[in-house]
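In: everything below, folded, please.
(2 chains)
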Protein chains: 2
Amino acid sequence: MDQWQERKRPVCLERRFEFDGYSSTRDFLDKLGEHSESTQRFPDISFGSTYVNITIRPEDDNPDAQLNEADRAFAAQIDALLG
Amino acid sequence: MDQWQERKRPVCLERRFEFDGYSSTRDFLDKLGEHSESTQRFPDISFGSTYVNITIRPEDDNPDAQLNEADRAFAAQIDALLG
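Out: Residues are numbered from 1 along each chain as shown, chains lettered A, B, ... in the order given. The predicted model follows:
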């Protein structure tokens, strides 16, 4: 979890993953897609050939919502996808 | 091609695609991934459950590079993936 940055404006968790080539990036994105579908939780993701940036906003849509343990657990699950 | 915005700083083509649900978004992303692999051209992509933003920078890495016909053709190929 320590590689995630916690931001205040807007409240979110962010992490950048770097890969040696597109096929590793694509494998990770595929696992991420499956995880999103199984949890029905869809973080904002941006990527290019060798990087993936992930932004996790509080699951609670309330504009003043803070990050909670479920949000941090979701981040840890994404870390685990790296295998 | 008319739905792409041409930007000056930085020079690029940008378009936002909206979908009715994650499975349509994922289908489009999968086709985009295959197209990127076959052309070895990797635009910057950001997405959430129902949107995909694509940024095409000039293929020529030169910082003053301008968009050319190949860049616009690539954008048109992406439009065609919508089917």
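In: what does chain A have sitting close to chain B?
Out: A:22-23, A:26, A:29, A:33, A:36-37, A:42-49 (Cβ under 8 Å from any Cβ of the partner chain). (Glycine included, C-beta is placed from N, CA and C.)
In: quick one: the longest helix belonging to chain A to helix B:22-39, angle?
Out: For chain A, the helix that runs over the most residues, judged by DSSP state H, is helix A:22-39. Calculated by axes from the mean of the first three to the mean of the last three Cα atoms, to 10 degrees, helix A:22-39 forms an angle of 170 degrees with helix B:22-39.
In: and the helix or strand following helix A:22-39, what does it pack onto?
Out: Using DSSP states H and E, the helix or strand that follows helix A:22-39 towards the C-terminus is strand A:44-47. Using 3 or more Cβ pairs under 8 Å, 6 or more residues apart in numbering or on different chains; DSSP states H and E, the elements in contact with strand A:44-47 are helix A:22-39, strand A:51-56, strand B:44-47.
In: now render those as CSV, adding mean neighbour count, distance to A:Ala70 and mean pLDDT.
Out: Shown next, in CSV, are the helices and strands packed on strand A:44-47 (neighbours: other Cβ atoms under 10 Å in any protein chain shown; distance: least, Cβ to Cβ, whole Å; pLDDT from 0 to 100):
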stretch, mean neighbour count, distance to A:Ala70, mean pLDDT
helix A:22-39, 16, 10, 96
strand A:51-56, 18, 10, 98
strand B:44-47, 19, 22, 97
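In: from B:Asn53, how far out is A:Asp27?
Out: 22 Å (Cβ to Cβ, to the nearest Å).
In: should've said A:Glu37
Out: 20 Å.
In: how about A:Ala65, nearest residue that isn't a chain neighbour?
Out: A:Pro58 (3.8 Å; Cβ to Cβ, 6 or more residues apart in numbering or on different chains).
In: likewise for A:Glu37?
Out: Nearest to A:Glu37 is B:Tyr22, by Cβ to Cβ, 6+ apart, at 6.7 Å.
In: contacts only, for the one you found.
Out: Contact partners of B:Tyr22, counting by Cβ atoms under 8 Å, 6 or more residues apart in numbering or on different chains, are A:Ser36, A:Glu37, A:Phe42, B:Ser49, B:Thr50.
In: could you do A:Val52 as well?
Out: A:Arg16, A:Phe17, A:Phe19, A:Thr25, A:Phe28, A:Leu29, A:Leu32, A:Ile45, A:Ser46.
In: doesn't the first one lie inside a helix?
Out: To tie it back to what came earlier, the one meant is A:Arg16. No: assigned with DSSP: H, G, I helix; E, B strand; the rest coil, A:Arg16 falls outside any helix and is strand.
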